[in-house]
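> Next one to model:
(2 chains)
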Amino acid sequence: MGKLARKVAMVGAGMCKFGRNFPEKRNPDMWIDAWLDAVDKTDNGIEPKDIDACYVGNYSSDLFNHQGHLGPQMANLVGLTPKPAARFEGACASSGIALRQAVLAIASGVHDVVAVAGVECMTEQPTVNVTDVLATASDSLFEYPAGATFPGLYGTLASAHFKKYGTTAEDLMRVGIKNHENGAENPYAQMQQSIKDLMDSKRAKYEKQGRDIPEWEDEFDFLKSSSNPIIAYPLRLFDCSLITDGAACIFLTAEDVARDFTDEPIWIAGTGQGSAALSLHDRDSLTSFIATREASKQAYEMAGIKPRDVQIAEVHDCFTIAEILAMEDLGFYEKGKAVDAIKEGESKLDGALPINTSGGLKSKGHPVGATGAAQAVEIFKQMRGIAERNRQVKFDVETALTHNLGGSGGTCVVTVYQK
Amino acid sequence: MSENEKSFTIESYLEYIRNKKLMGSRCKECGATYVPVRKLCTECNTANMEWVEMSGKGKLAAFTSITVGTPYFVEKGYDRKNPYCFSVIELEEGPMVSGQLVGVNESEPDTIKIGTPLKATFLETDIKGETKVDLGFEPL
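Residues are numbered from 1 along each chain as shown, chains lettered A, B, ... in the order given. Model (predicted):
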């Protein structure tokens, strides 16, 4: 148990530019852009005739775009009709699940090559509707009537972490500052601005309008100001990820055919998935995600590695507190100790364990159903040494990890990649 | 219908809430208690429950003060200047439940302390001529 029946490789990966793309780009448009980018990054090219199936991760096109049944739609757009195509849903972990199911299908011997899609177009709806659609990923029977929003659920978890471990609002801010610095180096990111860049542009705007120019001492001063209002205490606006439209595409193959597409396959060394009660009140802990602990345990065992072997990771920072919880639940740091590592700069691009080199959901953007696949795109680039601008890590990455969380921790998919 | 004939469904639980009673189910086999109600005990995999009324007393396990609320809470009149608290409460009988936290200073959330003793309160809201009852908690 716990082993793939045959090895699975990632041979190509790409994405569209994330952002508020609607109406210029809708799901079909973004998916084609992501597909072309992934084909471009597959060394020897890849064609529809090479591909056996299309697995699509998407959270809620039904409510965002009045469109269900995305599997065959996406497959058709890239010439895969009449091959099998299906959509997978697990809230924000949807394309992490699609990727995992593709791995299992290939390992089983049923398929040799699968195209994995992640797509989500959120900005077709006004923000209040987006928030309400996202709320359907929490427990609508008992949490929603009590007033829960997504920022509210993560704010609740943050309050428990603050109380138990002495975590502070500044600890959360460090996560956001770091991820915005990384996102500034990612041409595919929604917000390609550091917090300092944002402060400068705000000052310039105020000056232009003839208003008093704010005198923020540093980033923390800015992040504690009225420019960064509370959304759900203790979370402020810049603790929350973005509302984003985006798509990503991954090509996975069996070992037997991987070298038809590239001389440098990246192996899926481990995959794990966990679940938990939707409601926080039905969980074993308010400061740790059991689904993350379960998914990572499976993935580490399959890969035969320990958490300390991971050299870089893309983790699910839908809120800044979520990155801290992930660093602990993945076993990188003891509970309550991740904030010390963050303070020391260990998770920065030049740190001992760079986390979210892409800018994360915070800065790259979070088109929920596309996020899991987009995390794999960043790992592909970092392991190949092709990350754009100044965000390529300075060492050879042999082992990497992605952590894709659904909702407020009801689903988690962890994937380990090796060269 | 007597209390122990009422089926162990969500609707029964909600009907109790509408009648301002916080009820749970207790497994007759192993004693595990569930709030909100469950018919199947996932501790011992049996379906042999009885209704039990909760004291309504507990303590604050975690909370948030929300300035950008759900449409339901916006309809109740909450907004940026008038935030509300969502909370998770650990009941003295053991289970945790979700509820709105009232009787606190939502605009000064630093003054709200985890561990504060609370008691259940049933919050009535009139929406479109209909009175809704939701479970809430307030400091003891």
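
> only C-alpha atoms for contact and neighbour calcs from this point on.
OK.

> which residues touch the spatially most central residue of chain A?
By Cα atoms, centre = their mean, chain A has its centre lying nearest to A:Thr371, at 4.0 Å. A:Thr371 makes contacts with A:Cys92, A:Ala93, A:Ser95, A:Gly96, A:Gly118, A:Ala248, A:Leu361, A:Asn404, as judged by Cα atoms under 8 Å, 6 or more residues apart in numbering or on different chains.

> closest to B:Ile112 among those residues?
A:Leu361 (30.1 Å; Cα to Cα).

> Let me see the ranges of the helices in chain B.
Ranges of helices in chain B, per DSSP state H, are B:10-18, B:71-75.

> Now do the buried residues in the last one.
Taking 16 or more other Cα atoms under 10 Å in any protein chain shown as the basis for neighbour counts, the residues of helix B:71-75 that come out buried are B:Phe73, B:Val74.

> Ramachandran angles for residue 32?
As the question left the chain open, I've gone with chain A. For A:Ile32, the backbone dihedrals are phi -60, psi -40 (criterion: degrees, to the nearest 10).

> Please refer instead to chain B.
phi -60, psi 140.

> swap in A:Gly19?
phi 160, psi -170.

> ok now do the closest residue to it other than its chain neighbours, which residues does it touch?
In space, A:Gly19 comes closest to A:Gln190 once its chain neighbours are excluded; the distance is 4.4 Å by Cα to Cα, 6 or more residues apart in numbering or on different chains. By Cα under 8 Å, 6+ apart, the contact set of A:Gln190 is A:Lys17, A:Phe18, A:Gly19, A:Arg20, A:Thr244, A:Ser363, A:Lys364, A:Gly365.

> Which of those fall in helices?
When DSSP H defines the helices, the subset of the contacts of A:Gln190 inside them is A:Ser363.

> A:Ala313: which of the contacts of A:Gln190 is nearest?
Lowest distance from A:Ala313 to these (Cα to Cα) belongs to A:Lys364, with 14.8 Å.

> Three-state assignment for the nearest residue to the closest one once chain neighbours are set aside, please.
Sequence neighbours aside, A:Ala189 is the residue nearest to A:Lys364 in space, at 3.8 Å (criterion: Cα to Cα, 6+ apart). Here A:Ala189 takes the coil state, with states given by DSSP: H, G, I helix; E, B strand; the rest coil.

> Show me the strands in chain A, by range?
A:8-15, A:53-57, A:85-88, A:113-121, A:230-232, A:235-236, A:245-254, A:266-275, A:312-314, A:399-406, A:411-418 (DSSP state E).

> need those strands in CSV with mean neighbour count, distance to chain B and mean pLDDT, can you?
Shown next, in CSV, are the strands of chain A (neighbours: other Cα atoms under 10 Å in any protein chain shown; distance: least, Cα to the nearest Cα, whole Å; pLDDT from 0 to 100):
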stretch, mean neighbour count, distance to chain B, mean pLDDT
strand A:8-15, 28, 31, 98
strand A:53-57, 30, 26, 98
strand A:85-88, 22, 27, 98
strand A:113-121, 30, 21, 98
strand A:230-232, 25, 4, 97
strand A:235-236, 26, 9, 98
strand A:245-254, 30, 22, 98
strand A:266-275, 24, 15, 98
strand A:312-314, 26, 27, 98
strand A:399-406, 27, 20, 98
strand A:411-418, 27, 19, 98
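
> any chance of these in JSON lines, plus distance to A:Ala326?
Shown next, in JSON lines, are the strands of chain A (distance: least, Cα to Cα, whole Å):
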{"stretch": "strand A:8-15", "distance to A:Ala326": "24"}
{"stretch": "strand A:53-57", "distance to A:Ala326": "22"}
{"stretch": "strand A:85-88", "distance to A:Ala326": "23"}
{"stretch": "strand A:113-121", "distance to A:Ala326": "22"}
{"stretch": "strand A:230-232", "distance to A:Ala326": "20"}
{"stretch": "strand A:235-236", "distance to A:Ala326": "17"}
{"stretch": "strand A:245-254", "distance to A:Ala326": "23"}
{"stretch": "strand A:266-275", "distance to A:Ala326": "14"}
{"stretch": "strand A:312-314", "distance to A:Ala326": "10"}
{"stretch": "strand A:399-406", "distance to A:Ala326": "8"}
{"stretch": "strand A:411-418", "distance to A:Ala326": "10"}
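
> what does the stretch 1-150 of chain A put close to chain B?
Within the stretch 1-150 of chain A, the positions near chain B by Cα under 8 Å from any Cα of the partner chain are A:Val128, A:Thr131, A:Asp132, A:Phe142, A:Glu143, A:Tyr144, A:Pro145, A:Ala146, A:Gly147, A:Ala148, A:Thr149.

> Give me the contact list for the least confident helix or strand in chain B by mean pLDDT.
One helix or strand of chain B scores below all others by mean pLDDT, DSSP states H and E: helix B:71-75, with a mean of 90. Applying Cα under 8 Å, 6+ apart, the external contacts of helix B:71-75 come out as A:Val128, A:Asp132, A:Pro145, A:Gly147, B:Ile127.

> Apply 7 Å and report the result again.
Helix B:71-75 has contacts (Cα atoms under 7 Å, 6 or more residues apart in numbering or on different chains) with A:Gly147.

> low-scoring pLDDT stretches of chain B, where are they?
B:1-4 (pLDDT under 70).

> Those residues of it touching chain A, which are they?
Contacts of chain B with chain A, taken as Cα under 7 Å from any Cα of the partner chain, map to B:62-70, B:73, B:86, B:88, B:96-100.

> Just give the closest residue to B:Ser87, not the sequence neighbours.
Nearest in space to B:Ser87, with sequence neighbours left out and distances taken as Cα to Cα, 6+ apart, is B:Phe63 at 4.1 Å.

> ok, now how distant is the one you found from A:Asp43?
Here the distance between B:Phe63 and A:Asp43 works out to 51 Å (Cα to Cα, to the nearest Å).

> Of these two, which one has the most company?
Taking other Cα atoms under 10 Å in any protein chain shown, B:Phe63 and A:Asp43 do not tie; B:Phe63 has more neighbours (31 against 17).

> residues contacting the more buried one?
For B:Phe63, the contact set (Cα under 7 Å, 6+ apart) comprises A:Thr156, A:Ser159, B:Cys85, B:Phe86, B:Ser87, B:Val88.

> next one: A:Met383
A:Met383 neighbours (Cα under 7 Å, 6+ apart): A:Val397.

> That one and chain B: what is the separation?
Distance, A:Met383 to chain B, using Cα to the nearest Cα, to the nearest Å: 39 Å.

> Same check on A:Asp284?
10 Å.

> The stretch 251-400 of chain A against chain B: which residues are in contact?
The stretch 251-400 of chain A comes close to chain B at residues A:His281, A:Asp282, as judged by Cα under 7 Å from any Cα.

> give the contact list for the residue of the stretch 251-400 of chain A found nearest chain B.
As assessed by Cα to the nearest Cα, chain B sits closest to A:His281 within the stretch 251-400 of chain A, at 4.9 Å. Contacts were defined as Cα under 7 Å, 6+ apart; by that measure A:His281 touches B:Val88, B:Met96, B:Val97, B:Ser98.

> contacting residues for the closest residue to the last one other than its chain neighbours?
Yep, that's B:Ser98 we're talking about. Nearest non-adjacent residue to B:Ser98, counting by Cα to Cα, 6+ apart: B:Val88, 4.6 Å away. By Cα under 7 Å, 6+ apart, B:Val88 lies in contact with A:His281, B:Leu60, B:Ala61, B:Ala62, B:Phe63, B:Met96, B:Val97, B:Ser98, B:Gly99.

> most surrounded residue in those?
B:Phe63 (31 neighbours).

> just the strands in chain B please.
Using DSSP E, the strands found in chain B span residues B:23-27, B:33-34, B:49-53, B:57-66, B:84-91, B:96-101, B:117-127, B:130-139.
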